[in-house]
Every structure is written in C-alpha cells, then in structure tokens.
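**Q** Need the 3D shape of this:
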Amino acid sequence: MKIIIYGATEIGCLLATEFFEDHDITVIDKEENRTDDFDKLDISFIQGNATDMNVLKSADIINADVFIACTALDEANIVACLSVKKLSGIRTICFVSKSEYQNAMALDKNGDYLGDFFIDYVIWPEALLTQELFRIVTVAHALDVENFADGKARLLEYRVKPGSSIVGKMVKDCGFTKDTIIVGIKRDSLLFIPNGLTEINEDDKLIFMGTSHSLDILAGTFFHEKEQVKSVAVIGGGNVGYMLAQSLEDMKIKVKIIEKDYERCEYLAQELSKTLVINGDGTNLKLLDEEEIGSCDVAIAVTNNDERNLLCSLLAKQLGVKRVISRVSKVLNIPLFEKVGIDIAVSPKTSAINEVRNDIDETNVDILATVEQGEAEVLEIPICEEFNGKLIKDLRFPAPAIVGIIQRRANVIIPKGDTQIKSCDILIIFTKADSVDAVKDYFKVV
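**A** Predicted structure coming up:
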C-alpha cells in the first residue's frame, strides 16, 4: 500500500515508523521540519505544502492508496484532504484539534452538501483521549479498561499491591472469578502470557478479560473496587478537561476543575452545572491543599504541557490522592511518568495511531485495543469453516496468544480448553504486538 503523510510532526513520525516496513511511505512537509527520526526510516520525503496540487502530483498522489494529513494546522489538513479528493479520490484521514471541524466534516460526508467531495475519516485525538480517561476513571483502581461486545465483555488491568492475598500464588491457585481469564502479566519491563503455573509477584500488572459482571466481582474481591469513585479533581480546563467533566457529571461523580485562565473558567462555570470550577494554578501546592485535592479519589492532569502535568500529578500524590492520571503529549515521556510514581500516563497520540491502524488495515481483522503502550494487542478475528468444531485446547498458535472471549451471535462466552469453536464465532484474542501477523496467518486471514 502506498501511504502519503502530510506533516513531519510527532504523529507523522509515529505513523511512518508504524507503517514503513510493510508499506511505501512518502512524507510531505517543509525541509526544516524534517528530523533525524525520519532519516532513519526507509521512506521518501518531499519538500512542500500538500495544499499545492503540484506538490501532490510530485508525490504521485494518483497512485497512492491513503492520504493522512497530520500537521499542526487544522485548516491545512482539511484543505489538503479535499485537494487530494479532487485529484484522485483516494481514502483520506484528517487530524483536527477542534470539535467544530470534526462535526463539520462529518456533516459533509453524511449529508448532501459536497457529494463525493468529503473527508473519509476525521480524527480528533483529544476526543479519543477523553473516552479512554473516562473508562479508566469510572473503574476504581484499574490501570486500563477496554470494552468489547457492546459492553458485555471487558479487559481490565490492575497492579498487584503489597500484601495482596494472591502474591506468591500460582495463577491456578488464586481462585479468580468464573468467566474471567488472566491473559497477560507485565513484570518490570517484560510483558508475557502466563499459564496456570505462573507465580504472581508483588507489583505485577495483571491483565484480565471476561464478562463485565464477572470482572466486577473479581475487582471487588481482589482489587478493592468496592470503593467506588465518588470525587475527581481535573487540573486543566481545556477540551479534554471540559469533555471529561461533562461525562463524569452524567455519572453523578463529584468533579472540581482547576484552570489558570479566568475567561475559560467563566465558560466552564456556565457550561458545567454540577462541577466546581476553581480559577488557579494547578502547580500551586497551597491552592491544592486548600481545595482539599488530597481527599479526591482520582486526580487527572490534562493541561497541554507535559512538565506541568508531571508536577501537578506529583503534588497530588504528595497530598494523598488515591489514584493519579496524567496526560502525556510526547509518547516517549510515558515510561518516565510511570517510573516517578504516576499511576497512569496516557497520550492522545497513542489512541489516534491505533485508530489509523484499524482504519487502513487491509484484512478483516480489527485491532480492538492496544495494551501497555502498544506492546500487546487485542484482535477480533472471524472464524472460517475450517475451524468449525475445533476445541480451544487444540488450537496451535505459532506465537504466544490466548483466546479471551468468543462472540457467538448475541452471546459472550469466556472459553475453557474444551470449549468448541463454531464457524459463526468471532474470537477476541490477546497477543503481543510482534505476534499479530503470525496469529493472523494461522487463521488464514487475507
């Protein structure tokens, strides 16, 4: 596949790094935006502006398959995508930073305004980040939450705390709830798929898949989720902070937002009827203490500055907040945040990259979720007739993988070794990222 990326930004670099081994990649941007990271990749680089028809023609847009616009300017991305549509009609993916652009482009595609002259897929990374934060916040103590099968099944990730009853036990002896499977363990820097004889250590991150009801019971039994989230402090009243507060209000969770800009505070106070809006600096320890941030169940730092988010998060930790979540703009900073004690670090760019991967995947396999910053993936694979009647225990994966969930029409099945597969089934499989292709090949997915 020939993919043209407009924008030598961090997202552009992440996309090029993700796809260059299997696809023909061309990046368009000004030469001064080109970094050493791009030079390390086997890609073409064209200097210019993708809103210029001549530049697009020099990139051989006519023979391309996908065009992705991800510069820092929404307007440039939109114009470039529409120009590409006019020239070649190929699939276009446009990154934006404002809700009005996402809404406007969706109207153009679904309405009668521009006919075929529209953008295929508009991605607003902040909206994806807000959805991810909401999932994590509303499940107490979870490090990651993913929903499958219309909410009937889930993936949850928890850290094993000191003194937990399961420390030192083998998986088979832990007595985990029926209809749950432990599909992965992250120990130090190593992620692996455990078996029944794997011993659980303190500070392990355990990744479970199962029915939503059984995971609720598991969480309450082993990870103290009986403590429901009742109060959340949000530091940063931008788009993410605002949208997150809206969603939390709907869940009847007590929310307070700390925002430096007074005019923004006025807007938030008008739009959020149940949220306490505080005009102040989230890096001010005295302010955080006076506003009793330490008594909140969760604190979330979502400003646009990594350093500020890190400082706010560390101060919240110092004040005794049970769980601290931080937004990270630079993906490479995520391990640093976690090493210094931030419970969960999330990036809008990671969520956006996953969306692009799913969108341009040429197979009928969907990547439902990525885990641990892309180290593992959850695949949705439809079963062909050849596997009809096979037992789960008879599957011989060429690489480490585990079937966590079977979707059978409207039903969700958490499989055991003697569970029989049927040709109408959809398997939801957990595997490491470097094993994805091998798992796809095993099921002859083309």
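**Q** Run the chain-centre distance for the helix or strand hosting Ile334.
**A** In the assignment (DSSP states H and E), Ile334 maps to helix 334-339. Here helix 334-339 is found 17 Å from its chain centre; the criterion is CA atoms, centre = their mean, to the nearest Å.
**Q** Could you point out the helix or strand that follows that helix?
**A** Following helix 334-339 in sequence, per DSSP H and E, is strand 344-346.
**Q** got the buried residues for the helix or strand following that next one?
**A** The helix or strand immediately downstream of strand 344-346 is helix 348-360, counting by DSSP H and E. In terms of neighbour count (16 or more other CB atoms under 10 Å), helix 348-360 has its buried residues at Pro348, Lys349, Thr350, Ser351, Ala352, Ile353, Asn354, Val356, Arg357, Ile360. For every residue, glycine as well, the C-beta is placed using N, CA and C.
**Q** I'd like the residues you listed as a markdown table, with distance to Cys174 and pLDDT appended.
**A** Putting the buried residues of helix 348-360 into a markdown table (distance: CB to CB, whole Å; pLDDT from 0 to 100) gives the following:
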| residue | distance to Cys174 | pLDDT |
| --- | --- | --- |
| Pro348 | 35 | 89 |
| Lys349 | 36 | 87 |
| Thr350 | 30 | 84 |
| Ser351 | 31 | 81 |
| Ala352 | 36 | 87 |
| Ile353 | 34 | 86 |
| Asn354 | 31 | 80 |
| Val356 | 38 | 88 |
| Arg357 | 34 | 80 |
| Ile360 | 40 | 77 |
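**Q** Show me the two of those residues that sit farthest apart.
**A** Using CB to CB, the pair of these lying farthest apart is Pro348 and Ile360, separated by 19.1 Å.
**Q** how about the residue lying closest to Thr198 once chain neighbours are set aside, what does it touch?
**A** Leaving aside its chain neighbours, Thr198 sits nearest to Val171 (5.1 Å; criterion: CB to CB, 6 or more residues apart in numbering). Contacts of Val171 were listed using CB atoms under 8 Å, 6 or more residues apart in numbering, and they are Ile182, Pro194, Asn195, Gly196, Leu197, Thr198, Glu199, Ile200.
**Q** Who wins on neighbours among these?
**A** Within the contacts of Val171, most neighbours by other CB atoms under 10 Å means Ile182, with 23 neighbours.
**Q** Surely that residue and Gly210 touch.
**A** No - using CB atoms under 8 Å, Ile182 makes no contact with Gly210, being 9.3 Å away.
**Q** and which of the buried residues of helix 348-360 is nearest Glu375?
**A** Nearest to Glu375 among the buried residues of helix 348-360, with distances taken as CB to CB, is Thr350, at 11.5 Å.
**Q** And the residue nearest the centre of the chain, how close does it get to Val328?
**A** Nearest to the geometric centre of the chain sits Ser351, at 3.6 Å (CA atoms, centre = their mean). Separation of Ser351 from Val328 (CB to CB, to the nearest Å): 12 Å.
**Q** Flag the shaky bits of this protein, pLDDT-wise.
**A** 105-117, 224-227, 361-365, 445-446 (pLDDT under 70).
**Q** redo that, cut-off 80
**A** Within the chain, the ranges that satisfy pLDDT under 80 run 100-118, 140, 150, 224-228, 358-367, 444-446.
**Q** Now the residue in it sticking out farthest from the centre: which helix or strand?
**A** Computed with CA atoms, centre = their mean, the maximum C-alpha offset from the centroid of the chain is found at Asn54, amounting to 36.2 Å. In the assignment (DSSP H and E), Asn54 maps to helix 53-58.
**Q** hang on, the earlier thing: identify the residues contacting the residue farthest from the centre of the chain.
**A** Asn54 makes contacts with Gly48, as judged by CB under 8 Å, 6+ apart.
**Q** do you know how far it is from Gly48?
**A** Distance from Asn54 to Gly48, by CB to CB: 8 Å.
**Q** and for these two, which residues touch both?
**A** With the criterion set as CB under 8 Å, 6+ apart, the contacts of Asn54 and Gly48 do not overlap.
**Q** any idea where the strands of the stretch 201-350 of the chain begin and end?
**A** For the stretch 201-350 of the chain, applying DSSP state E, counting those that start in this stretch gives strands covering 205-211, 231-235, 254-259, 276-279, 298-301, 323-327, 344-346.
**Q** Isn't Asn50 up against Ala8?
**A** Just so we're on the same page, residue 50 is Ala rather than Asn. No - with contact defined as CB under 8 Å, Ala50 does not reach Ala8; the gap is 11.3 Å.
**Q** quick revisit: packing partners of the helix holding Ile334?
**A** Counting contacts by 3 or more CB pairs under 8 Å, 6 or more residues apart in numbering; DSSP states H and E, helix 334-339 packs against strand 344-346.
**Q** Any chance of JSON lines for the buried residues of helix 348-360, columns distance to Ile166?
**A** Listed next are the buried residues of helix 348-360 as JSON lines, based on distance: CB to CB, whole Å:
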{"residue": "Pro348", "distance to Ile166": "34"}
{"residue": "Lys349", "distance to Ile166": "34"}
{"residue": "Thr350", "distance to Ile166": "29"}
{"residue": "Ser351", "distance to Ile166": "31"}
{"residue": "Ala352", "distance to Ile166": "35"}
{"residue": "Ile353", "distance to Ile166": "34"}
{"residue": "Asn354", "distance to Ile166": "30"}
{"residue": "Val356", "distance to Ile166": "38"}
{"residue": "Arg357", "distance to Ile166": "34"}
{"residue": "Ile360", "distance to Ile166": "41"}
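**Q** Now flag whichever of those residues is closest to Lys85.
**A** Using CB to CB, Ile360 comes nearest to Lys85 of the buried residues of helix 348-360, at 16.5 Å.
**Q** roughly how far apart are the closest one and Ile93?
**A** Ile360 sits 8 Å away from Ile93, taking CB to CB as the criterion.
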